[in-house]
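Undergrad: Provided below for reference: sequence and predicted model.
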Amino acid sequence: MALRTIIPLILLVFVPISIAAEQLHWGETAVFVTSALAIVPLSIWLTTATEKIAVVTGPTFGGLINAVFSNATELIIALTALRAGLVDIVEASITGSIIGALLLLLGLGLLTGGLRYKEQEFKPILARVNGSSMTLAAVAIALPTLVINTSRMVNISSIRSLSLITAGALIVVYGLTLLFSLKTHSFLYDIGISEEPVPEPGTDAPARGMRRLLLWLSVLLASTVAIAIESELFVGVIEQETSRLGLTPLFTGVILLPLISDVAGYVLIVRLSMKNQMDLAVATVTGDSLLIALFVAPILVFVGQAMGQPIDLNFNTFEVIALAITVIVSNLILSGGRSNWLDGAFLLATYFLLGVAFYYHPA
């Protein structure tokens, strides 16, 4: 059994430990640490199940599965936090997830891949298309903040209406990007969706495919339910624990939450980069950031309204500035279609400096 399979299996021990910590009242710190550690392997198994299902179901439906479920862990945790009334943390996690994907995730990939290969290449057209989409998405997300700050809008109902309209437009745009990438211009994205080879055809190939599909659908369902349970434990103590550590809701949402919820992404991108599969690595990172901006953020706006925990797109001004810096820097790095370890170091340095700035930001 491969090491990448053994480690997530071993880490699953924290699932029962975290439940015991909560039931036996071991303390908030114990629940916080063990539930966070439990989310890590569950996130990896959910991502793995998504990839395997995509292989069995084919490129079109598989691409759609990847597009919807690749950030399921972040969405589940955010919805749980939103239901608990942690609106500030959820809002911050939207921009934090995008910043983390384009700087930390991509930076790790370029650095580790660049240390193994002197220079790596990927399709420039892929980077340009996704980079343009991400720029437009960032502008759309930032517009409510810019309107509110430049007009000094204080009417809460107007802010929420503006956010709802923007969220609706973002979902429509996401649907168009799926149509573009999966249908009309799928040839631009013909880079594969998993490292696992498709089984050779044979008399029992359909039966094998169905068994494999049922297996990974079961893993996907079990992982999703388990993440929901662990998210309840984690969110239940996050406010007290981060306050005890001296962390603001802004830093918690922008830095801490994405770090915990996207461990599977770090593992995947580093693995792809080390195998020199840079087209897939770049597509995965930019696709994740687009999913957050165009789908996850709007969903949170609509669900928050339905839950009675209204969330709007009026972000902290520094968040918008950090998002703009992130998009500009990542686009510059990817624009040439070539990368090396220094490019990765630049992205990681940018993420580190922004993280320090968020840590000291009083908001």
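TA: Perfect, thanks for sending it.
Undergrad: Please make it C-alpha for all contacts and neighbour counts, starting now.
TA: Will do.
Undergrad: Spatially central residue for the protein, please.
TA: For the chain, the residue nearest the mean C-alpha position is Asn71 (4.6 Å; CA atoms, centre = their mean).
Undergrad: contacting residues for it?
TA: Contact analysis of Asn71 by CA atoms under 8 Å, 6 or more residues apart in numbering lists 262, 288, 291-292.
Undergrad: which stretches of the chain aren't confidently modelled?
TA: 1-4, 58-64, 67-68, 153, 187-206, 363 (pLDDT under 70).
Undergrad: List the buried residues in the helix ranked longest in the chain.
TA: Secondary structure of the chain per DSSP state H: the longest helix is helix 205-244. Neighbour-count burial for helix 205-244 flags 209, 212-213, 216-217, 219-220, 223-224, 226-239, 241-242 (criterion: 16 or more other CA atoms under 10 Å).
Undergrad: Need the residues that contact stretch 304-311.
TA: Residues from elsewhere that reach stretch 304-311 (CA under 8 Å, 6+ apart): 82-83, 85, 87, 91, 160, 300-301.
Undergrad: Between all of the contacts of Asn71, which two are separated the most?
TA: Greatest spatial distance in these: Asp262 and Leu291, 13.4 Å, computed using CA to CA.
Undergrad: on that earlier part again, okay, the contacts of Asn71 in TSV with distance to Ile6, secondary structure and neighbour count next?
TA: Compiled in TSV, the contacts of Asn71 are given as follows (distance: CA to CA, whole Å; DSSP: H, G, I helix; E, B strand; the rest coil; neighbours: other CA atoms under 10 Å):
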residue	distance to Ile6	secondary structure	neighbour count
Asp262	19	coil	24
Asp288	26	helix	23
Leu291	29	helix	23
Ile292	30	helix	24
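Undergrad: so where do the strands sit in the stretch 101-250 of the chain?
TA: 120-121 (DSSP state E, counting those that start in this stretch).
Undergrad: And the helices in it?
TA: 106-116, 124-151, 156-179, 205-244, 249-251 (DSSP state H, counting those that start in this stretch).
Undergrad: can you give me how far the first one is from the chain middle?
TA: Yep, that's helix 106-116 we're talking about. Taking the mean of its C-alpha atoms, helix 106-116 sits 19 Å from the chain's own mean (CA atoms, centre = their mean, to the nearest Å).
Undergrad: Residues in contact with that helix: which ones?
TA: The set of residues external to helix 106-116 that reach it, using CA under 8 Å, 6+ apart, is 120, 266, 269-270, 272-276, 281-282, 285, 339-348.
Undergrad: 6 Å instead, please
TA: The contact list for helix 106-116, computed with CA atoms under 6 Å, 6 or more residues apart in numbering, reads 269-270, 273-274, 340-341, 344, 347-348.
Undergrad: Buried among those residues? Need that as a selection in ChimeraX.
TA: Only the buried entries of the contacts of helix 106-116 go into this ChimeraX selection, using 16+ other CA under 10 Å:
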select :269,270,273,274,340,341,344,347,348
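Undergrad: So which of the contacts of helix 106-116 sit within strands?
TA: Assignment to strands by DSSP state E places none of these there.
Undergrad: now, which of the contacts of helix 106-116 sits nearest Asn149?
TA: Leu347 (29.1 Å).
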